[in-house]
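J.: how would this look folded up:
(chains A, B and C)
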Amino acid sequence: MEVLLNFLIYGLVQSAFLSLVAIGFSLTYGISRLPNFAHGALYILAGFLIWNGLNVWKIGYLPSVILAIVLTALIGYSLYYGIIIRVRGMEVSEVIATFAFSFVVVELLRYFGLFGLSYTLPPFLRGSLEFAGVVLDYQRLIVIISTVALVAFLYFFTHYTKIGLAFRAIAQDEQVAMMLGIDSDKVAALSLAFGSALAALAAAIWIPVSQLASESALEILLYALVVSILGGLGSVTGVIVASLIIGYAQVFTASFIAPHYQMIVALVAIIILLLTKPSGIFGKQKELEERV
Amino acid sequence: MSELRKERIDRPIKARTDDIYALMGYKEISYLLLPRVLPIAVLLILPLIVPNLYYLRVLNIALSFAILAASWDFLANYVGLVSLGHALFFGIGAYTAGAFSAYFDLPIFVTIPLATLIGATISTALIYPTLKVRGVYFSLITLAFPLLLARLIEATDILGGTLGITDVEGFPNPWVESYLLIFSLIVVVFGLRRLLGEDLGIVLRAIKDNDLTVEASGINVNKYRAIAVFISSAIASFVGAYTAHSYMFVGLPYLNLEYSIFPIAATVVGGMSSIAGAAIGAFILVPLSEALREFGTLRIAIYSLLLMLFIAIRPEGIYMFLWRKYHQIERWVKA
Amino acid sequence: MIRVENLTKRFGGVVAANNISFEVKKGEVLGIIGPNGSGKTTVVNLITGFIKPDSGRVFFAGKDITAKPPHEIASLGVVRTFQNVRPFYNLPAYKNLVIPLYSPRAKSFEEFRHGDRDHIALDLLEEVGFERDSPIPYKPASALPHGYIKRLELARALALKPEVLICDELFSGLSQAEIASLLPILEKLNENGLTLIMVEHRLKELFELADKVVVLEYGEKIAEGKPEEIVEDEKVKEAFLGAEVI
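T.: Coordinates of the predicted model:
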């Protein structure tokens, strides 16, 4: 019984982590069809900024987090106008360009020492609670709660507010949007900034539970990819469902098979998914019809 | 005040040599031969003039990465399959050669060809199911493959696991080591360009341009894509096998993202779609990254940065730039 | 020659083709007509293997070709042209034909195997109306006017020496004069044994050629018969004109 409860709770934590990490990527693609392969690097960069704010500039935890989110969003925005705008439209080039950017960021950070297990961020609230034999630290609880809140907010935002609905409209038909006078470049840059901010937020919430290391950048990106693709790019509901599936699959493999296989689950999932149903669970259908 | 604009036209000598008049005189013949013969001559002399073994090592790395990049350029720009995981082919070739050498004691002149063929076969078999998948999704799958293989090796501890295979035979002498590469580079670059001029090349480029029309014309598009993957992965496996013997070691680092990113960076910088450009890119990036060696993995940042800059600002690459300078005149004319 | 049985295909919520059945005999000319969105191109895709039906079968000369890949169906002799023609733009017109001539089917024919390929290509182009001694066959496909691009597409299909040729809106975008010049070419091919299926919007010209016509609307077959019967059919008139015709 305790084992089952443990499994349920920690599966939820892992799913929350995956949602946090994937939502930024999925929404950026959903709004402006921009595959932001710098997502993982921006996550790490944000974590680094928070750490700096806390330990070097000494401005306090909350200000550091806010600063990190704002700066990361700005970097995302400038990345669009600086580089991506020139390769806009060629999806593979966008992937390569953002991916290369992530290497620049990550390797620079690594060069300046950000590797290994020595960097951490303190949890928002120390201590833990216990119920029915399961121990859960407060930070993980915060992860679950904030993810639920974030996802609920985003769902509401994209389904019920004017701006959110406008985003979805643009996502569905960019050409019509352009005809209506919407500057698609500006929207794309904003969506990239938005996605980057979400990456920073994810870093702020999750790093206290794990660690801050440049090596994680790729892992974060892969998780974002797998969850986004499985759930259908651009769909908030999709991200929720997909992260639950993958999250529980991962915790299952880690507990009952071996921890090593966690990443393998995600990678195998990506490959199988892309081979069979790349549009994901809630994604739009894209048949051959559109080409012939 | 009249406006001036830049105009580019072919040099007279190019116009002459594009046709049968190429054989008209020494000037025309040397115009054609120079860009082909000069690099070959330089390559052949290089191992003899490098000051010491360290520079020889750098030369070898540049040569092998040049070949690797050429194989990527071929697959990406002539067949339309942009692989983000060339490290897979490289790694499979390396592991095959290393395993044959260390576990079965096969001599080096057997393991390398064997690894080239077997590596290509395994790689093609793995990639085959993904060929029917649309552009970006194909690239993503190729990204995941080497990572998956690395994690699997790590988790199951086969083929040396995290420590790798260390008992790999080395080359008999440094001359063989270098000249094998030089010879291979020449064969690969000129061979691929030749192949692409033939029917097979036309079909491949047609597939890249418009695969539905090719399919509707009775040609099995998947089969030809598989052939292209076989060729590209064979070349990459060869480089992997070579590297394994050169370092006398195979391990997880061979499946690193770096071996996937480098060919892309080299091709973008050197000149997409020219095969030779990929080699030029390698010859620029490798010494550059060696010069920055003391900065460790920062070199990856450097060529990623160059990749980003070139893809955004000068996507035609250096080769095209040189080609234009050689073959065309630029001048200002009244608009 | 071609028999289509109960072909059905759904895309999400839309039924693009619903239980379509018809038959084309050898040497016949079948026209497929219908308003936009009626499923004409879907039927062509289903027959030629570009999409797989949800249910139903396609037979060619008695053989079930339903599950076969497009290149195999083309190799058997059932060749289609595309509605949105995209030639290989940077190749000259005649070089565009290298592709079909490279196929196993083309290579199986004596005259294609031994002849000079460029010569064969120019012959094919002449057959579809390219003037032989003009620079037009040598121009890059990107420089060709629309009428010639359509002819090029026809030549591409003919390079495979098809037994059944399925033309998807061959006449679209062509002037009356251009269509008038194509009709005799198609007639001659038909006389020489080619079975034709033509999906068209240009009804007048199609009716001159067709032996039989199938009419589609919203994925359903609403009529089938000789051209003169179709013209009188009430349902057809309503489908095309949307109201009762006085």
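J.: what helix or strand is residue B:329 on?
T.: Using DSSP states H and E, residue B:329 sits in strand B:328-334.
J.: Output the contacting helices and strands for that strand.
T.: Strand B:328-334 sits against strand B:4-10, with contacts defined as 3 or more C-beta pairs under 8 Å, 6 or more residues apart in numbering or on different chains; DSSP states H and E. C-beta: built from backbone N, CA, C; applies to glycine.
J.: Strand B:328-334 and the strand it packs on, what's the angle between them?
T.: 150 degrees (axes from the mean of the first three to the mean of the last three C-alpha atoms, to 10 degrees).
J.: tell me the average confidence for strand B:4-10?
T.: Averaged over strand B:4-10, pLDDT sits at 76.
J.: neighbouring strands for that strand, and are they parallel or not?
T.: Paired neighbours of strand B:4-10 in the sheet (DSSP bridges): strand B:328-334 (antiparallel).
J.: Export only the CA atoms of the partner strand, formatted as PDB.
T.: Extracted in PDB, the C-alpha atoms of strand B:328-334 (Å, rounded to 0.1, in the frame of the first residue of the first chain):
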ATOM      1  CA  GLN B 328      32.900  35.600 -62.000                       C
ATOM      2  CA  ILE B 329      33.700  39.300 -62.200                       C
ATOM      3  CA  GLU B 330      31.900  41.800 -60.100                       C
ATOM      4  CA  ARG B 331      31.600  45.300 -61.200                       C
ATOM      5  CA  TRP B 332      29.500  48.400 -60.700                       C
ATOM      6  CA  VAL B 333      27.200  49.400 -63.500                       C
ATOM      7  CA  LYS B 334      24.800  52.200 -64.000                       C
END
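J.: for chain C, longest helix please?
T.: If you go by DSSP state H, chain C has its longest helix at helix C:176-191.
J.: contacts for that helix?
T.: Helix C:176-191 is contacted from outside by C:27, C:29, C:127-129, C:147, C:150-151, C:154, C:158, C:165, C:170-171, C:174, C:196, C:202, C:205, C:208-209, using C-beta atoms under 8 Å, 6 or more residues apart in numbering or on different chains.
J.: buried ones in that helix?
T.: C:178-179, C:182, C:186, C:189-190 (16 or more other C-beta atoms under 10 Å in any protein chain shown).
J.: Which helix runs longest in chain B?
T.: Every helix in chain B considered (DSSP H), the longest is helix B:221-247.
J.: ok, then the element right after that helix?
T.: If you walk from helix B:221-247 toward the C-terminus, the next helix or strand you reach (DSSP H and E) is helix B:258-270.
J.: and that next one with chain A, contact?
T.: Yes: remark: helix B:258-270 sits within contact range of chain A at B:261, B:264-265, B:268, by C-beta under 8 Å from any C-beta of the partner chain.
J.: Quick one: list the elements packing against the helix or strand just after that helix.
T.: Following helix B:258-270 in sequence order, the next helix or strand is helix B:276-291 (DSSP H and E). On a contact count with 3+ C-beta pairs under 8 Å, 6+ apart, helix B:276-291 meets helix B:53-73, helix B:174-197, helix B:258-270, helix B:298-313, helix B:317-327.
J.: most tightly surrounded among those helices?
T.: helix B:258-270 (a mean of 27; mean count of other C-beta atoms under 10 Å in any protein chain shown).
J.: if we can go back for a sec, among the residues of helix B:258-270 next to chain A, which one lies nearest to chain C?
T.: Set against chain C, the nearest of the residues of helix B:258-270 next to chain A by C-beta to the nearest C-beta is residue B:268 (21.7 Å).
J.: Pull up the residues of chain A that are close to chain B.
T.: Within chain A, the positions lying close to chain B (C-beta under 8 Å from any C-beta) are A:35, A:82-83, A:86-87, A:91-93, A:95-97, A:99-101, A:103-104, A:106-108, A:110-111, A:218, A:222, A:225, A:229, A:258, A:260-261, A:263-264, A:267-268, A:270-271, A:274-275, A:278, A:291-292.
J.: which of those count as buried?
T.: For those, buried by 16+ other C-beta under 10 Å: A:35, A:83, A:87, A:91-93, A:95-97, A:99-101, A:103-104, A:106-108, A:110-111, A:218, A:222, A:225, A:229, A:261, A:263-264, A:267-268, A:270-271, A:274, A:278, A:292.
J.: so how far is chain A from the residue of the stretch 101-250 of chain B found nearest chain C?
T.: With C-beta to the nearest C-beta, the shortest gap between the stretch 101-250 of chain B and chain C falls at residue B:218, namely 3.6 Å. As for residue B:218, its distance to chain A is 17 Å (criterion: C-beta to the nearest C-beta, to the nearest Å).
J.: Surely that residue and residue C:74 touch.
T.: Yes: counting by C-beta atoms under 8 Å, residue C:74 is a contact partner of residue B:218 at 3.9 Å.
J.: and for the two, which residues touch both?
T.: By C-beta under 8 Å, 6+ apart, the residues touching both residue B:218 and residue C:74 are C:103, C:105, C:160.
J.: Look at the first one and say how many residues are nearby.
T.: Applying the criterion other C-beta atoms under 10 Å in any protein chain shown, we find 22 residues in the vicinity of residue C:103.
J.: which residues does it contact?
T.: B:217-219, C:71, C:74-75, C:160.
J.: One more: residue B:65?
T.: By C-beta under 8 Å, 6+ apart, the residues touching residue B:65 are B:239, B:262-263, B:266, B:282, B:285-286.
J.: Of those, which pair is most distant in space?
T.: With C-beta to C-beta as the measure, no two of these lie farther apart than B:239 and B:285, at 15.3 Å.
J.: Going by how many neighbours each has, rank those two and give me the top one.
T.: Ranked by neighbour count (other C-beta under 10 Å), residue B:239 and residue B:285 place residue B:239 first, with 32 against 24.
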